[in-house]
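Q: Just a sequence and a predicted model for now, questions to come.
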Amino acid sequence: MEFDLGKISAQEIKERLKEEAKRSRDSIPEMTQGKRSLPYTILKKIHTVLLRSKLYRALYENYLINLKDSFLSEKGVDLSSLMEYEGEKFVKNGYVKILGREPDEEGLKFYLSSLKRGELRKIEFLGALRYSHEGRRRAIPVRNLYVRYMVNRLSRVRILGFFVSLVLFVRRVHRILREFEALRFSIFSLMEEMEMSLREDFRNTLRIAIEKLSRGKHAVLLPDDFYIAFEGKFRGTQEELKEKFSVYLPFIEEIMSQKKKVRALDLGCGRGEWLTIIKKLGVEGVGVDSNSRAVEECVNKGLNVKNEDAISYLLNCAPSSFDIITGFHLIEHLPFDTITILLDEVKRVLKDGGLFILETPNPTNILVSSYDFYLDPSHIRPVHPLLLKFLAVFKGFLDPRVYFIEKKDNSYILTKAEDWQLNTIDDYVRAPRDFCLIVRR
């Protein structure tokens with residue numbers, strides 16, 4: 001509706017406004033199908049009351065009526081579906097959706113040229129079509145177009161346009177930063193998922209490699225029942241082993257005095273002598289052994305023992321799972337590179353301040369290193385006490401101590417390795433047959 005105040009009287013304006021108001025009272029479309037929503041009902045009542053004002057009626061007919069396209073209409077076209085195209089396809093799609101026809105050659109050429117040179121923005125092109133005389137006659141609602149079109153037009157105005165452009169720029173920057181933050185969060189979440197997946201894949205690959213390595217040129221696969229009988233003959237009785245293991249009890253009691261609940265893992269637990277001792281102390285013990293006959297014997301004693309390779313088991317443990325980890329006569333059965341992996345995994349699985357004990361034949365005793373060690377066909381090579389201590393320090397363990405396990409008067413004591421004098425050949429012959437490494441996490 002247009003006004004020419006120089007050619008029309010006040011009375012005629014009043015009559016025309018009344019007719020137009022009567023026609024437009026129902027012009028706001030429903031926001032939902034069927035039952036009208038509460039916001040729509042409220043807006044409709046406010047609109048009806050405001051139509052009594054001459055100024056509002058004039059503003060409504062000339063400007064506000066276009067807001068129907070942006071906010072109230074469910075019919076028509078959504079702006080985003082028009083903006084997703086580029087180039088000639090964008091121009092043609094705008095003509096078809098808004099004007100209902102293909103663009104004429106002159107119009108297509110003009111708009112394409114203006115868009116390519118940056119003289120016209122995409123939103124301005126769509127607004128030019130929708131609010132042209134032809135576009136107004138067709139009155140195809142384009143949701144979310146009107147406000148953005150008017151803001152873009154204002155940004156073209158000198159001085160005022162600068163401030164409008166500044167506000168738009170700040171708004172875009174804020175939106176970009178918000179989207180960037182969401183993207184950053186998504187990327188880090190994806191990286192965490194990938195890290196967990198890769199870590200699991202790595203552990204599976206490592207476990208397979210270790211199993212292959214353990215079956216390599218160094219390994220000797222012995223029947224389970226043979227090895228159980230072999231240990232019974234040459235390792236000593238279970239009562240003798242329990243007596244020997246008693247030298248470690250002060251270290252266990254120290255850990256128990258600091259915590260209410262203590263969890264221990266015994267790698268290569270064999271017949272379960274150590275697990276039986278710590279169970280009586282109230283320690284929650286778990287054993288691991290690859291010998292199925294040994295595991296069966298432990299289970300029959302009521303011990304919690306898994307039939308699994310020691311390192312495979314460690315690879316599946318969560319970090320900081322145990323307060324104490326032990327390995328009695330284990331590392332002499334492993335290649336050196338597997339021993340390094342063992343220490344890495346023990347350090348990961350052990351809790352802060354946790355205790356790690358390794359016991360192995362003592363090559364300082366020349367009878368052990370040159371003769372007795374090779375009685376066991378599954379032994380690979382002796383591990384030197386200084387090498388094992390250096391490796392533990394290198395891997396980051398704390399307070400490393402090496403002890404020779406000395407037998408005196410039918411009982412066992414721990415003697416610091418550095419206190420054992422090695423001056424004569426007799427000192428090497430009399431050196432204790434086993435040593436241990438005790439470290440902290």
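A: Nice, I can see it. Numbering: from 1, shown residues only.

Q: just checking, E254 is part of a helix?
A: Yes: under DSSP: H, G, I helix; E, B strand; the rest coil, E254 sits within a helix.

Q: How about the secondary structure of V91?
A: helix.

Q: How about it, nearest residue that isn't a chain neighbour?
A: Y111 (5.2 Å; C-beta to C-beta, 6 or more residues apart in numbering). Every residue, glycine included, has its C-beta placed from N, CA and C.

Q: Number of residues surrounding that neighbour?
A: A total of 22 residues lie near Y111 under the criterion other C-beta atoms under 10 Å.

Q: Verify the contact between it and K92 for me.
A: No: using C-beta atoms under 8 Å, Y111 is not in contact with K92, being 10.0 Å away.

Q: Now list whatever residues contact both of those two.
A: When contacts are counted by C-beta atoms under 8 Å, 6 or more residues apart in numbering, Y111 and K92 have P103 as shared neighbours.

Q: so where do the strands sit in this structure?
A: Under the criterion DSSP state E, the chain contains strands at 77-78, 142-143, 263-267, 284-289, 305-307, 322-328, 350-361, 398-408, 411-416, 434-440.

Q: in the longest one, what counts as buried?
A: In other words, strand 350-361. Burial within strand 350-361, assessed by neighbour count using 16 or more other C-beta atoms under 10 Å, is assigned to 350-351, 354-361.

Q: tell me which of the residues you listed is nearest to V393?
A: Of all these, V393 sits closest to F356, with 12.6 Å by C-beta to C-beta.

Q: and the gap between that closest one and G76?
A: Plainly put, F356 is 73 Å away from G76 if you go by C-beta to C-beta, to the nearest Å.

Q: still on that earlier bit, pipe the strands of the chain into TSV and attach mean pLDDT per row.
A: Listed next are the strands of the chain as TSV, based on pLDDT from 0 to 100:
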stretch	mean pLDDT
strand 77-78	82
strand 142-143	82
strand 263-267	96
strand 284-289	94
strand 305-307	93
strand 322-328	95
strand 350-361	95
strand 398-408	92
strand 411-416	90
strand 434-440	95
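
Q: V295: which of those is closest?
A: With C-beta to C-beta, the closest approach to V295 among the strands of the chain belongs to strand 305-307: 4.2 Å.

Q: helices and strands around the closest one, which ones?
A: Helices and strands touching strand 305-307, by 3 or more C-beta pairs under 8 Å, 6 or more residues apart in numbering; DSSP states H and E, are strand 284-289, helix 292-300.

Q: Please identify the deepest-packed of those.
A: Neighbour counts (mean count of other C-beta atoms under 10 Å) averaged over each of the helices and strands packed on strand 305-307 peak at strand 284-289, with a mean of 22.

Q: what is the mean pLDDT for stretch 151-166?
A: Across stretch 151-166, the average pLDDT comes to 70.

Q: Start and end of it, how far apart?
A: Start and end residues of stretch 151-166 are separated by 12 Å (C-alpha to C-alpha, to the nearest Å).

Q: do the same with stretch 414-432
A: With C-alpha to C-alpha as the measure, what separates the two termini of stretch 414-432 is 10 Å.

Q: in that stretch, what's buried?
A: Buried residues in stretch 414-432, counting neighbours by 16+ other C-beta under 10 Å, are found at 414, 417, 420, 428, 431-432.

Q: hmm, who's touching it?
A: 247, 362, 364-367, 385, 401-407, 435-436.

Q: Report the buried members of the residues you listed.
A: Buried subset of the contacts of stretch 414-432 (neighbour count, 16+ other C-beta under 10 Å): 247, 362, 364-365, 385, 401-406, 435-436.

Q: Would you mind giving the residues you listed as CSV with distance to I331 added?
A: Shown next, in CSV, are those (distance: C-beta to C-beta, whole Å):
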residue, distance to I331
V247, 19
N362, 13
T364, 16
N365, 17
P385, 12
R401, 17
V402, 13
Y403, 16
F404, 17
I405, 15
E406, 20
F435, 11
C436, 11
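
Q: which one among these gets closest to L129?
A: For the buried ones among the contacts of stretch 414-432, the minimum distance to L129 (C-beta to C-beta) is 85.7 Å, reached by R401.

Q: What residues are bridge-paired with that closest one?
A: Counting by DSSP bridges, R401 is bridged to I438.

Q: dump the residue contacts of it.
A: By C-beta under 8 Å, 6+ apart, R401 lies in contact with 416, 437-439.

Q: go on, L108?
A: Neighbouring residues of L108 by C-beta under 8 Å, 6+ apart: 88, 91-92.

Q: now with 6 Å?
A: By C-beta atoms under 6 Å, 6 or more residues apart in numbering, the residues touching L108 are V91.

Q: Tell me where the model's unsure across the stretch 201-350 of the chain.
A: For the stretch 201-350 of the chain, the stretches with pLDDT under 70 are 201-221.
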